[in-house]
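Colleague: How does the following fold in three dimensions:
(one chain, ligands or ions: 2)
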Amino acid sequence: MPAKKPQDIRNIALLGHGGAGKTILVEAMLHAAGATNRFGTVEDGTTVMDHTDLEKETTHSVDPAMAHFDHAGKTINIIDAPGYPDFIGGAISALGGVDTGVIVVSASSGIEVSTRKLFTAAGQAALARAIVVNKIDAENADLPALLKAITETFGQAVKCMNLPSDGGKKVVDCFSNDSGSSDFGDVAETHTQLVESVIEADEEMMEAYLGGEEILADKLGSAFAGAMTSGTVIPLFFTAGREQVGVAELTDAIASYFPSPADVTHGQILNGEGEDAEAVEIAADADKPLVAQAFRIAADPFVGKLSWIRILQGKLSGDSTFTIRDERKSLKVGHVLKIQGADTVEISTAVAGDIVALAKIEEIRAGDILHADSGAMFGSIPPAPTPMYSLAVTPKSRGDEGKISEALSRLAEEDATFVAHRDNQTNETVISGIGDLHLRMMLKKMAGRFNLEVETKTPKIPYRESITTKADGHYRHKKQTGGSGQFGEVYLRVEPLEQGSGFVFEQELFGESIPRQYLPAIEKGVRDVVASGVIAGYPMQDLKTVITDGKHHPVDSKEIAFRTAGKFAFIDAVQKAKAVLLEPIVTMEITVPSEYMGDIAGDLSGRRGRILGQDMLPGGIVSISAQAPLSEVVQYNSQLRSVTGGQGSYTMELSHYDPVPGNVQQQIIANAQKAKEQEK
Ligand SMILES: Nc1nc2c(ncn2[C@@H]2O[C@H](COP(=O)(O)OP(=O)(O)O)[C@@H](O)[C@H]2O)c(=O)[nH]1
Ligand SMILES: [Mg+2]
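Modeller: Ligands and ions are numbered 1, 2, ... in the order given. A predicted model of the protein is given here:
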């Protein structure tokens, strides 16, 4: 039965490094709630959550999966997020649909790369957070040491909700009990610490408590969600999902204490765009007009395109209609689906707070706001990192180009960290992702779903051009061909802008020197150059141009004349403005056995790279965070393989652009000129 009230819904995402036991933990929760009648395993490919062929084959989660069950009068929606660093895009998309991020840590592996990343990402997405220390049955687990490391890393708000007891065979609840026996730690002390931090979040209760009043259990219970949403409390649970230890206790706590959609404000929805945009007030109230957000686009082998929707306000039925973004076109819901792993079940109505899926609505994109009121509504979803690991792809069979670009854009719609684009300068189709494993999985998906195969090779580096000083430019275009001529004259100025500003076009014209109707033509001429570059053929960024003056001719002035004048005036200015070539710098997370640390550091410094930090992980593994110019690490997979004998892995994302060192710049410009001459 779908929930009737927002207060009866809990939306949680299980986040954490791959192998922490998230998928099995969901399996255990579903089993305990009676939602399934068998307890699947990842190895046999029989879990509810790892349901795709790719996941069964690789035995780990690649895409987020969703399931729900009812417990203690509440409907609990769970998203199981993939944990390997390469699939961070899927994990981040899950954050857009839920109220609480549950970070799962393996007791045998400790804090790992994705643990940290996703804890931070959940915080940035303003979610309530909880931590689960799972696999407490593992032989090598050192729980007191791990608990210390977790509080040191994630802060004092982390408070134990329970403690293992009976040699890890069960857990003792430290919120409702103020005494009891545990394997380590002290139940009474843990209870007091937890209770006090819940009280701290509520001023009124705090005063009463300091005044010596006893705070009753149900009052504490109802303050818990507030303490979680304000970040005062990050409850920590011990579990062994596979052994069903602590699972019922975790589920009880989710139902009783975790925030409901009515307790949180979910992102900001704006009416209109730009400066005139106004924040829309949203209430998790089923009786108000519909406002919903698509937070992820998925594909189902039977249903086709599935949009995962979070209902923020109002309700959704099959006959509901809505518009998206600022579009006029009214769309019909059709079928409201609840997802249970691989299965979809149709329901009649879903209310505010619930997560559902809509089938086959091609217009919906991730992040879109679906709304019943006419007008424009925009929202945002947690931002994904910019992918920088790229491959150029060419079809194995000739004639597949069109189908491949269609398939790639489908895949990109479903994963914000996967980008496919055609590079017009190099005539290559380039795909970018978070790492080698990510792109290999995407190509496997393409082969499986669309029956399309490609060859891959290293792509060209996406350099950019910019300027470093202000300069003026001028051009007078005058041509007399037979009867009518062409005339246009433009003065302009270029100025460098801060990183990330892109390109800005402005004008400060006086009087009628240039009739305003020619401005779009001038802008077009300038933008042609911005797209194709001046010094080495790369797009320009981080600069602005201001049109300052010019001349026109009552008969001979034409758009084409001003387009040409704009183009050459801009080139004139850029050539005087100390143009530079910028190169992408990437942030990398490199995970290798620690004995290779020295080799990796040495190799990186030879590639103009630098190490930002390192973390020792259990099992003699070190995780190195580093920065390097992309051009030096485009083939890092083979470099890493040769240094570590295939035992390392890494991911990369865009950090920023830096000027290319002078000697390298000259080389690139010379190469570009040579290529241009060959073309001629
Ligand atoms: N010792 C132990 N192993 C577990 C437990 N839960 C899961 N595992 C194993 O850990 C591995 C990874 O589990 P999985 O659920 O796929 O992790 P995920 O990547 O976080 O989804 C599998 O081999 C599981 O059998 C547990 O409670 N204790
Ligand atoms: Mg998993």
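Colleague: Quick one: name whatever helix or strand follows the longest strand seen in the chain.
Modeller: The single longest strand within the chain, with elements called by DSSP state E, is strand 579-593. Later in the chain than strand 579-593, the nearest helix or strand by DSSP states H and E is helix 597-605.
Colleague: Only alpha carbons, please: show that next one as CSV.
Modeller: Taking Å, rounded to 0.1, in the frame of the first residue of the first chain, the C-alpha atoms of helix 597-605 are listed here in CSV:
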residue,chain,number,x,y,z
MET,A,597,53.6,5.0,-3.0
GLY,A,598,57.1,6.1,-3.7
ASP,A,599,57.0,5.0,-7.4
ILE,A,600,53.6,6.8,-7.9
ALA,A,601,54.9,10.0,-6.4
GLY,A,602,58.0,9.9,-8.5
ASP,A,603,56.1,9.2,-11.7
LEU,A,604,53.6,12.0,-11.0
SER,A,605,56.3,14.6,-10.3
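Colleague: quick one: that helix to strand 579-593, angle?
Modeller: For helix 597-605 against strand 579-593, the angle by axes from the mean of the first three to the mean of the last three CA atoms, to 10 degrees is 170 degrees.
Colleague: what comes up buried for helix 597-605?
Modeller: By 16 or more other CB atoms under 10 Å, the buried positions in helix 597-605 come out as 597, 600, 601, 603, 604. Bear in mind the C-beta positions are built from the backbone N, C-alpha and C, glycine included.
Colleague: again, but for stretch 47-61
Modeller: 47, 48, 49, 50, 51, 52, 54, 55, 58, 60, 61.
Colleague: cool, and stretch 224-239?
Modeller: Quick answer for stretch 224-239 (16+ other CB under 10 Å): 224-229, 232-239.
Colleague: Can you give me the end-to-end span of stretch 12-22?
Modeller: 12 Å (CA to CA, to the nearest Å).
Colleague: That one and ligand 1 in contact?
Modeller: Yes - interface with ligand 1: stretch 12-22 contributes 18, 19, 20, 21, 22 (CB under 6 Å from any ligand atom).
Colleague: Okay, now the sheet partners of whichever strand or helix holds residue 624, with direction.
Modeller: Assigned by DSSP H and E, residue 624 belongs to strand 621-629. Its sheet considered, strand 621-629 pairs with strand 579-593 (antiparallel), strand 610-617 (antiparallel) by DSSP bridges.
Colleague: Enumerate every residue touching residue 97.
Modeller: 11, 13, 79, 295, 296, 308, 310, 355 (CB atoms under 8 Å, 6 or more residues apart in numbering).
Colleague: quick one on the thing from earlier: okay if I get the buried residues of helix 597-605 as CSV plus pLDDT and distance to ligand 2?
Modeller: Formatted as CSV, the buried residues of helix 597-605 follow (pLDDT from 0 to 100; distance: CB to the ion, whole Å):
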residue, pLDDT, distance to ligand 2
597, 92, 29
600, 92, 28
601, 92, 32
603, 92, 32
604, 93, 31
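Colleague: I'd like the residues you listed written out as JSON lines, with distance to ligand 1 added.
Modeller: Shown next, in JSON lines, are the buried residues of helix 597-605 (distance: CB to the nearest ligand atom, whole Å):
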{"residue": "597", "distance to ligand 1": "26"}
{"residue": "600", "distance to ligand 1": "26"}
{"residue": "601", "distance to ligand 1": "30"}
{"residue": "603", "distance to ligand 1": "30"}
{"residue": "604", "distance to ligand 1": "29"}
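Colleague: and the residues of stretch 12-22 next to ligand 1 as CSV, adding pLDDT, neighbour count and secondary structure?
Modeller: Converted to CSV, the residues of stretch 12-22 next to ligand 1 look like this (pLDDT from 0 to 100; neighbours: other CB atoms under 10 Å; DSSP: H, G, I helix; E, B strand; the rest coil):
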residue, pLDDT, neighbour count, secondary structure
18, 89, 20, coil
19, 92, 17, coil
20, 95, 27, coil
21, 96, 27, coil
22, 96, 28, helix
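Colleague: Report the two of those separated the most.
Modeller: For the residues of stretch 12-22 next to ligand 1, the farthest-apart pair by CB to CB is 18 and 21; their separation is 10.0 Å.
Colleague: which one of the buried residues of stretch 224-239 sits closest to ligand 2?
Modeller: The shortest approach to ligand 2 among these belongs to residue 239, at 14.9 Å (CB to the ion).
Colleague: wait, that closest one sits on residue 245?
Modeller: Yes - counting by CB atoms under 8 Å, residue 239 does reach residue 245; the two are 6.1 Å apart.
Colleague: intersection of neighbour lists for these two?
Modeller: Here residue 239 and residue 245 share the contacting residues 136, 171, scored by CB under 8 Å, 6+ apart.
Colleague: Go through the strands paired with strand 621-629 and find the least confident stretch.
Modeller: Least confident of the strands paired with strand 621-629, judged by mean pLDDT, is strand 610-617 with a mean of 89.
Colleague: Give the buried residues for that one.
Modeller: Within strand 610-617, the residues that count as buried by 16+ other CB under 10 Å are 611, 614, 615, 617.
Colleague: which residues make contact with it from outside it?
Modeller: Under the criterion CB under 8 Å, 6+ apart, residues 109-113, 116, 587, 591, 594, 597, 601, 604, 622-628 lie in contact with strand 610-617.
Colleague: of the buried residues of strand 610-617, closest to ligand 2?
Modeller: residue 617 (18.8 Å).
Colleague: what pairs with that closest one across the strands?
Modeller: So, taking DSSP bridges as the rule, residue 617 has residue 621 as bridge partners.
Colleague: ok, it to ligand 1 distance?
Modeller: For residue 617, the distance to ligand 1 equals 16 Å [CB to the nearest ligand atom, to the nearest Å].
Colleague: From residue 293, how far off is that residue?
Modeller: 36 Å (CB to CB, to the nearest Å).
Colleague: Buried residues, the helix or strand harbouring residue 449. List them.
Modeller: If you go by DSSP H and E, residue 449 is part of helix 436-450. Of the residues in helix 436-450, those with enough neighbours to count as buried (16+ other CB under 10 Å) are 436, 437, 438, 439, 441, 442, 443, 445, 446, 450.
Colleague: on that earlier part again, how far does the longest strand of the chain sit from its chain's centre?
Modeller: The chain centroid and the centroid of strand 579-593 are separated by 19 Å, computed with CA atoms, centre = their mean, to the nearest Å.
Colleague: in that strand, what counts as buried?
Modeller: 579-592.
Colleague: repeat for stretch 481-489
Modeller: Buried, per 16+ other CB under 10 Å, within stretch 481-489: 486, 487, 488, 489.
Colleague: what do you get for stretch 64-72?
Modeller: Buried residues in stretch 64-72, counted by 16+ other CB under 10 Å: 64, 65, 66, 67, 68, 69, 70, 71.
Colleague: again with stretch 271-282
Modeller: 271, 280, 282.
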